[in-house]
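[1] My questions are about this predicted structure, shown below with the sequence.
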There are 2 protein chains.
Amino acid sequence: MRLSEGVEWASHCVVVLAGLPEGMTLPAGRLAELHGVPGPYLAKALQALARAGIVRSSSGRYGGYQLARPASDITMLDVVEAVEGGDELFRCTEIRKQMPIRRPSDTFPPVCAIAAVMHRAEAAWRAELAATTVADVVGNLLTQLPPDAGDRLMTWLSPTSG
Amino acid sequence: MRLSEGVEWASHCVVVLAGLPEGMTLPAGRLAELHGVPGPYLAKALQALARAGIVRSSSGRYGGYQLARPASDITMLDVVEAVEGGDELFRCTEIRKQMPIRRPSDTFPPVCAIAAVMHRAEAAWRAELAATTVADVVGNLLTQLPPDAGDRLMTWLSPTSG
DNA sequence: GTCACTGTACTCGGATAAAAGTTGTCCGAGTATGCCTGG
DNA sequence: CCAGGCATACTCGGACAACTTTTATCCGAGTACAGTGAC
C-alpha cells in the first residue's frame, strides 16, 4: 500500500503556487515541466485540487492555476484528501458478523475492536497532517533553500524563458 | 488508497489464535471458514505472518497455525507490516531534484520538506499501532462480547462440529 | 481617438487506453498420524 | 503384547490467472486577449 504519486506532485505544485505573487496564475503544463512529470496526468491531480476548492483555475489565454485561499488556511491533509479521496485507509468489512458462532440475539459493539485500533491510528495520521499548513512548509523551505531560489524560479517562469 | 483486505483478515486471525489454549493449532482452512473469507487467499496472509515470525506453522495432520510468541509481545504494527510490507505510505521520488532551476552547486537539505511532513504523520500512525498489542485487543473484546463467546468458539472448533 | 466585434491561440475538463498491484485459485512438497505386520 | 515399517490423509508453501485500482494520454468545449474595422 502506498499513496498515489499524485499526492506528491500536488503537494509540490501547491507549494510552488504558494510562492507566486498575488494574482499570478500558472498553467498545468508549466507546472509539469517545472517538476519533470507527465503533464496530462498532473492535470488530473490539479483538477482534484480545484474540485476541493484548494486552487482556482482560470481558462483562456494566460490562464492557469492559483491558490484559492491563503496558504496558511490550507493544510497538508486538505491536499492529501483532495487527491487521494477522503476514504479511510482501513475499511472494516465487519467480518466478525459473519462468524458461524454468532447468534441472532447477540448485540455487537458498535465498532469492531480491530477497526477501533486502526481508526485511532488513522486519526493520529490525519491529525499530524492537519497540523501542518502549506504556509508552514513554505516557511520551512525558505530556511533551507539558497537565498536566490525564489528569483531563479521567477526568472524561469517568465514567458521568455523555459 | 486503502490497506489490503489481508490486513483485516490477518488481524482477526491473530486475535482468534490468541484466544486458543496453549499449544493448540488451527489450520488455515478452518480460520477461513470461521471468518467467511476465501480460504486459499487467507493462506497468503497467514504465510506472511509466518515469515514475519508472528505465527508458527506446523505441517502434517492436525497441523496448523499458532502464535509464535505471547500476544502481549505482538503489536498491531507487527501484523500490519507483516501483511502489507514495511514500505512507507508516502514514497518521495525527489522530484525537487529534477527542477530545471537547480544548479549543480546547490546543496539540498537531506529530506524534502514535503516528505518530512508525510513521514512525521506516518510515524504518528505507526506509533499508535505499535502502542496497541494483540493482548490489548483481546482484553478489550472480552469486556464487550457475551460471556459464553469463548465456549461457543471452542465448541465450534471441536473436530465434531463445523 | 474610441469602442465594438471578430478571430485566434491558449487554457481547463472530462472521457478514453495501458500498466501495475491486488485479489483469488490451484497444485505439488512435506509431515505427523494411525494402521498393519512381524516378532 | 509390543515395536517397527508403511500407507494415508492432512497440512503448508509457492507458482499461476482474473480483476480492480492506479497511471498515462488524448481530444473537445470554453475563455480571455489581440488585432481589425467602423464610428
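    Received the coordinates, thanks.
[2] near DNA strand D, which residues of chain A?
    Contact residues (Cβ under 7 Å from any atom of the strand) of chain A with DNA strand D: A:4-6, A:37-38, A:40-41, A:43-44, A:58-63. (Glycine included, C-beta is placed from N, CA and C.)
[3] contacts for the one helix or strand residue A:117 maps to?
    Per DSSP states H and E: residue A:117 is located in helix A:113-130. The contact list for helix A:113-130, computed with Cβ atoms under 8 Å, 6 or more residues apart in numbering or on different chains, reads A:75-77, A:80, A:88-90, A:92, A:111, B:3, B:8, B:11-12, B:15, B:76, B:117-118, B:120-122, B:124-129, B:132, B:137, B:140-141, B:144.
[4] repeat that for 6 Å
    A:75-77, A:80, A:88-90, A:92, B:11, B:76, B:120-121, B:124-125, B:128-129, B:132, B:137, B:140-141 (Cβ atoms under 6 Å, 6 or more residues apart in numbering or on different chains).
[5] re the thing from before, hmm, which of the residues of chain A next to DNA strand D are the buried ones?
    A:5, A:6, A:37, A:43 (16 or more other Cβ atoms under 10 Å in any protein chain shown).
[6] In TSV, list the residues you listed along with pLDDT, distance to residue A:99 and secondary structure.
    Conversion of these to TSV gives the following (pLDDT from 0 to 100; distance: Cβ to Cβ, whole Å; DSSP: H, G, I helix; E, B strand; the rest coil):
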residue	pLDDT	distance to residue A:99	secondary structure
A:5	93	39	helix
A:6	95	39	helix
A:37	94	47	coil
A:43	96	47	helix
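[7] still on that earlier bit, among the contacts of helix A:113-130, which are in helices?
    A:76-77, A:80, B:11, B:76, B:120-121, B:124-125, B:128-129, B:137, B:140-141 (DSSP state H).
[8] got the buried residues for the helix holding residue A:117?
    A:113-119, A:121-122, A:124-126, A:128-129.
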